[in-house]
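In: Next comes the sequence, and after it the predicted model I'd like to discuss.
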Amino acid sequence: MTDDTARARPAAHPGGLFPRRRHWPATLGKLRADVGGGVLFLVLVLFSWIGPLLYPHDPLAIHAHHILAAPDARFPLGTDALGRNVLARLMRGGQATLAISLWASAIGLLAGLLYGMTAGLGPAWLDRVLMRLLDTLLAIPALVLMIFFAAIVPLNETSLALLLGLVAWPGIARLARNETLAARERDYVRAARQFGAGRLYIARVHILRAMLPLVIVNATFLIADMVLGLSGLSFLGLGIQPPHASWGGLLNSGAGLAVIGSWWLIVFPGLAIFLAILAMNMLGQGLLARLEGEQRG
């Protein structure tokens with residue numbers, strides 16, 4: 001039997017009670033990870049911002065007779081050590097966590113693009129200087145930098161977004177610089193330069209447009225990193241300060257009480273953090289696979 005005959009056999013016998021069942025895996029494969037990640041992230045956004053409108057309970061209200069109450073009809077996710085509604089605090093914590101993560105990602109993305117494109121389009125000596133500075137920053141662990149600055153800067157949502165964004169930009173800067181060096185040697189960029197186009201025009205019209213798909217993919221991964229970084233800081237007590245809520249702060253406050261059976265104080269915040277990171281990584285992986293497929297095609 002030849003290979004051509006073997007490949008033709010499935011098409012020669014398409015019958016059966018369920019003729020499409022052997023194509024189900026391919027159909028499921030079309031349910032791309034980026035769609036699932038985007039839907040999951042949208043659910044978290046709706047939970048954080050629309051949820052309080054549908055479940056209007058004060059996250060700071062203390063119910064003295066319901067301290068450490070297990071999940072029930074009145075308190076779907078239970079209460080904490082002060083009798084506060086965990087579901088209401090989880091929604092409010094989602095607002096802070098997601099908003100800070102999104103703003104931090106935007107700051108890191110913008111700073112990284114400006115730095116990397118400046119290095120890639122500038123003269124060789126400027127590229128060497130900027131890259132050596134970047135190597136120095138990348139050699140320092142990001143968590144150490146975040147803890148250092150969080151210990152000396154007053155903590156609020158604005159300062160945390162700036163802190164996380166300024167720690168996250170070096171990775172984006174290296175990516176932007178490498179993509180700029182590759183794009184500046186393309187024919188259409190050389191043609192634009194010969195026609196008198198300035199560096200700012202080339203960067204804005206040609207190079208930024210060429211690297212935009214890859215930038216969007218890395219932005220989704222950056223959001224996941226910001227959620228994890230902010231949650232880590234809050235878990236260490238350096239993030240959003242009480243009585244205001246964040247997912248990492250809720251996890252921190254519940255960690256010491258889980259040993260006495262208050263499992264809901266760590267399960268639900270931990271699940272929210274996990275789902276947010278999973279959503280962004282699914283979205284990024286799906287977009288990356290789609291981009292690679294288009295490039296191969």
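Out: Cool, got the structure. Residues are numbered from 1 along each chain as shown.

In: going forward, measure contacts between C-alpha atoms and count neighbours the same way
Out: OK.

In: From the contact counts, what lies against the lengthiest helix in the chain?
Out: Across the chain, the helix with the greatest residue count (assigned by DSSP state H) is helix 86-121. Counting by 3 or more C-alpha pairs under 8 Å, 6 or more residues apart in numbering; DSSP states H and E, the packing neighbours recorded for helix 86-121 are helix 33-49, helix 51-54, helix 124-139, helix 157-183, helix 208-235, helix 247-255, helix 264-296.

In: Now that helix: average pLDDT?
Out: Average pLDDT, helix 86-121: 93.

In: Helix 33-49 and that helix, what's the angle between them?
Out: Put simply, helix 86-121 runs at 130 degrees to helix 33-49, going by axes from the mean of the first three to the mean of the last three C-alpha atoms, to 10 degrees.

In: Isn't A111 up against A168?
Out: No: A111 is beyond contact range of A168, at 9.2 Å (criterion: C-alpha atoms under 8 Å).

In: related to what we said a few turns ago, export the helices and strands packed on helix 86-121 to CSV and tack on mean neighbour count?
Out: Shown next, in CSV, are the helices and strands packed on helix 86-121 (neighbours: other C-alpha atoms under 10 Å):
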stretch, mean neighbour count
helix 33-49, 18
helix 51-54, 14
helix 124-139, 14
helix 157-183, 21
helix 208-235, 20
helix 247-255, 24
helix 264-296, 19
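
In: Switch these over to JSON lines; also include mean pLDDT.
Out: Listed next are the helices and strands packed on helix 86-121 as JSON lines, based on pLDDT from 0 to 100:
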{"stretch": "helix 33-49", "mean pLDDT": "93"}
{"stretch": "helix 51-54", "mean pLDDT": "94"}
{"stretch": "helix 124-139", "mean pLDDT": "90"}
{"stretch": "helix 157-183", "mean pLDDT": "89"}
{"stretch": "helix 208-235", "mean pLDDT": "89"}
{"stretch": "helix 247-255", "mean pLDDT": "90"}
{"stretch": "helix 264-296", "mean pLDDT": "88"}
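
In: Minimum distance to L200: which of those helices has it?
Out: With C-alpha to C-alpha as the criterion, L200 lies closest to helix 208-235 of the helices and strands packed on helix 86-121, at 10.4 Å.

In: orientation of the closest one relative to helix 247-255 in degrees?
Out: Using the same axes, to 10 degrees: helix 208-235 against helix 247-255 is 20 degrees.

In: From the contact counts, what lies against helix 208-235?
Out: Using 3+ C-alpha pairs under 8 Å, 6+ apart, helix 208-235 sits against helix 86-121, helix 142-152, helix 157-183, helix 247-255, helix 264-296.

In: Tell me which of these lies nearest to V45.
Out: For V45, the closest of the helices and strands packed on helix 208-235 is helix 86-121, at 7.7 Å, according to C-alpha to C-alpha.

In: who touches Q285 in this structure?
Out: Residues in contact with Q285 (C-alpha atoms under 8 Å, 6 or more residues apart in numbering) are A33, D34, V217.

In: and what of G248?
Out: By C-alpha under 8 Å, 6+ apart, the residues touching G248 are L230, S231, G232, L233, S234, F235, G239, P269, G270, I273.

In: ok, 6 Å please
Out: With contact set as C-alpha atoms under 6 Å, 6 or more residues apart in numbering, G248 has these partners: S231, S234, F235.

In: That one: what's its closest spatial neighbour, skipping adjacent residues?
Out: The spatially closest residue to G248, leaving aside those adjacent along the chain, is S231, at 4.0 Å (C-alpha to C-alpha, 6 or more residues apart in numbering).

In: same question, P76
Out: The spatial neighbour of P76 that comes closest, neighbours along the chain excluded (C-alpha to C-alpha, 6+ apart), is L87 at 6.8 Å.

In: and I67, how many residues sit next to it?
Out: The tally of other residues near I67 (other C-alpha atoms under 10 Å) stands at 16.
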